[in-house]
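[1] Below is the sequence, then the predicted model.
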Amino acid sequence: MKTIGLIGGMSWESSLEYYRIINEGIKTQLGGLHSAKCILFSVDFAEVEILQRDGNWAQAGRMMANAARSLQAGGADCVFLCTNTMHISTEEIEAAIQVPFIHIADATARVVKAAGITKIGLLGTRFTMEKEFYKGRLEEKFGLQVIIPEEKDREIIHRVIYDELVLGAIRSESRQQYTRIIEKMAGQGAQGIILGCTEIGLLVHQEDSPVPLFDTTRIHAEAAVQFALGKE
């Protein structure tokens, strides 16, 4: 079994889900008392959030790269970044390590395409929805047509993530807002919705949506299981 390197803490609420899904996956595949070999480098999200808010992506990238180096030095055979937004630092991370970096958008896009979907809605932080590092990758590398919510709805999505979900607050009124936005995007032709923030899956579930939901946390964590077992 290969050792999985995880950069977590953004937030620890979703990092906890990664750890659970990965270990459940290994146990399902191997049975018995098996669990995953993994190393977690958990950052202080308060520090990361300040850099995000200030647009200091260079310093944030250095932080992610240093975490990746630490994981490699500790014996990780791969690196998984347990957040969507900080994949904006992909180039810095890949330049810092020699082991594979498994991109969350790539893992998700493959599942979306396997489902026969060509037009997909994207929810996430405003950085993930609005900047090209994520949406552009889905479009250019995988040929998907990506739509995002209108501006006022993007503000709602972003606010709920930072003011509620990363703090572990799950509120029914926020679920209703997300469901409304998902239904609107489905009406605009989205054949499915990418939950492009690792906390969104804590709030909305498939029964809340008229179209398929693609939970990036679960997809990415399951990709880690496949990598660990040499099935990637």
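    Structure received.

[2] Next one: the residue at the greatest distance from the centre of the chain from residue 45, what distance?
    In the chain, the residue that sits farthest from the middle, by C-alpha atoms, centre = their mean, is residue 32; the gap is 29.2 Å. When distance is defined by C-beta to C-beta, to the nearest Å, residue 32 is 35 Å away from residue 45. C-beta here means a position set from N, CA and C on the backbone, and glycine is covered the same way.

[3] hang on, the earlier thing: ok, the residue farthest from the centre of the chain to residue 62 distance?
    For residue 32, the distance to residue 62 equals 41 Å [C-beta to C-beta].

[4] where does residue 214 land in three-state SS?
    strand (DSSP: H, G, I helix; E, B strand; the rest coil).

[5] Mind listing the residues bridging to the closest residue to it other than its chain neighbours?
    Excluding its sequence neighbours, the residue lying closest to residue 214 (C-beta to C-beta, 6 or more residues apart in numbering) is residue 194, at 4.8 Å. Judged by DSSP bridges, the bridge partners of residue 194 are residue 122, residue 214.

[6] can you pull the contacts of residue 194?
    With contacts taken as C-beta atoms under 8 Å, 6 or more residues apart in numbering, residue 194 has the following neighbours: 108, 112, 120-124, 138, 214, 216.

[7] how long is stretch 110-126 end to end?
    Here the two ends of stretch 110-126 are set 23 Å apart, with distance taken as C-alpha to C-alpha, to the nearest Å.

[8] Now do it, average pLDDT.
    Here the mean pLDDT over stretch 110-126 is 97, rounded to a whole number.

[9] cool, and stretch 179-199?
    Stretch 179-199 shows a mean pLDDT of 96 in the predicted model.

[10] same deal with stretch 15-23?
    Stretch 15-23 shows an average pLDDT of 96 in the prediction.

[11] quick one: that stretch to chain centroid distance?
    Between the mean C-alpha point of stretch 15-23 and the mean C-alpha point of its chain there is a distance of 13 Å (C-alpha atoms, centre = their mean, to the nearest Å).

[12] Could you list the buried residues of that stretch?
    Of the residues in stretch 15-23, those buried by neighbour count under the rule 16 or more other C-beta atoms under 10 Å are 15, 17-19, 21-23.
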